[in-house]
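**Student:** fold the following.
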Amino acid sequence: MLKTYVSQLMMRQLHGLYTKLLERIGVEVAMGFERYHGRRPKDVSDERLGYDIVSEGFGDSRFIEVKATARLKPNLRLTDREFGFISGRGMIDMIGKMSHEDFNAQLKKRWIYIVVIDRNALISGRNSDMIVLYTLTSSDALKADFEPEYSDLMDYWIARFNDWSAYSKHYSIIPSQLIIKMCSILKRIIEMKEEFKELMNRRS
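**Tutor:** Next up, the predicted model:
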C-alpha cells in the first residue's frame, strides 16, 4: 500500500513538472514570436488575468492567452475565466457605452497562441521540425464551436482541432537556444515518466 502511494505521488510530481515546463515553453515561444515581429511582450502569466502576455507595438496592444501541448491536432481547452476573457464576457456592462465596432475592435486585441510541440521530433532531437505556433484573434476563435465541459474542480470550454484550426494562422518556429534547452529537459521528464511506468508495471 505504501509503495503504491509513493509511486502515485512521484508520478503526480513528474506530471506537475511536465505541465509547468510545457506552459513555460509556450510562453517563451510566444514572447519570442512577438519580439521577432517588432513588438514588446511582457509576461503577466502569474497575475491570473485570463491571459499570459501583454504585447505592445505599432501603436497597438495584444493581450495573449498561450496554450502549449505536445499533442498533434489538439483540442483547444479554455478555463471559464479564459473563455470569459476571449469572448468579451467581462465587457458586457460596457456594451451600452460602446458601439458594436468598438466592441469588436476590443475583441481583436485579444489573442490565443497555441504552441504545439511534435513529441516525435522532440524525442528524436529534430529541432527544426519540433514546434508549430497557431495564432487566433478572439473574434476568429469564437467562430469555432465551443462546448462546455464540467469537472469537480473547474469548468472548461472545448473546441475541436479541425474546427478552431480552420480560423488560425500557423508558423513553423525555429527555437532559440533557451527553448532547445527547456525542450531537452521536457524530453527527459517524458523519458522518466515512461521509465517509472515500466517500473511500476514490473512490480504489479
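**Student:** name the SS class of L9, please.
**Tutor:** helix (DSSP: H, G, I helix; E, B strand; the rest coil).
**Student:** one more: I179?
**Tutor:** Under three-state DSSP, I179 comes out as helix.
**Student:** offset the numbering so it begins at 23, please.
**Tutor:** Yep, numbering from 23; the last one is I201 now.
**Student:** per-residue confidence at it?
**Tutor:** pLDDT recorded at I201 is 96.
**Student:** and it, what is it in contact with?
**Tutor:** By CB atoms under 8 Å, 6 or more residues apart in numbering, the residues touching I201 are 47, 50-51, 54, 153. Quick note: C-beta positions are derived from backbone N, CA and C, even for glycine.
**Student:** looking at those residues, which are in strands?
**Tutor:** Residues of the contacts of I201 located in strands (DSSP state E): I153.
**Student:** where do the strands sit along the protein?
**Tutor:** Along the chain, counting by DSSP E, strands occupy 62-65, 75-79, 82-91, 98-101, 132-139, 153-159, 169-172, 177-181, 191-195.
**Student:** list the contacts of stretch 125-135.
**Tutor:** 48, 51-52, 55, 73, 82-89, 98, 100, 107-108, 110, 113, 116-117, 120, 155-161, 163-164.
**Student:** show me how to select, in ChimeraX, the buried members of these.
**Tutor:** Buried residues within the contacts of stretch 125-135, by 16 or more other CB atoms under 10 Å, are selected in ChimeraX with:
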select :48,51,52,55,73,84,85,86,87,88,89,98,100,107,108,110,113,155,156,157,158,159,160,161,163,164
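**Student:** excluding chain neighbours, what is closest to the spatially most central residue of the chain?
**Tutor:** Geometric centre of the chain, nearest residue: K89, 0.7 Å, by CA atoms, centre = their mean. Nearest residue to K89 in three dimensions, chain neighbours excluded: I136, at 4.8 Å (CB to CB, 6 or more residues apart in numbering).
**Student:** show me the shaky parts of this protein.
**Tutor:** 23-29, 112-120, 225-226 (pLDDT under 70).
**Student:** before we move on, the earlier item: OK, contacts around the residue nearest to K89?
**Tutor:** With CB under 8 Å, 6+ apart, I136 has these contacts: 88-91, 96, 98, 155-158, 190.
**Student:** kindly reformat the residues you listed as TSV containing distance to P170.
**Tutor:** Formatted as TSV, these follow (distance: CB to CB, whole Å):
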residue	distance to P170
V88	22
K89	18
A90	23
T91	20
P96	18
L98	13
L155	27
Y156	22
T157	24
L158	19
S190	22
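**Student:** coming back round to it: please report how far the residue nearest to the centre of the chain lies from E123.
**Tutor:** Using CB to CB, to the nearest Å, we find K89 at a distance of 29 Å from E123.
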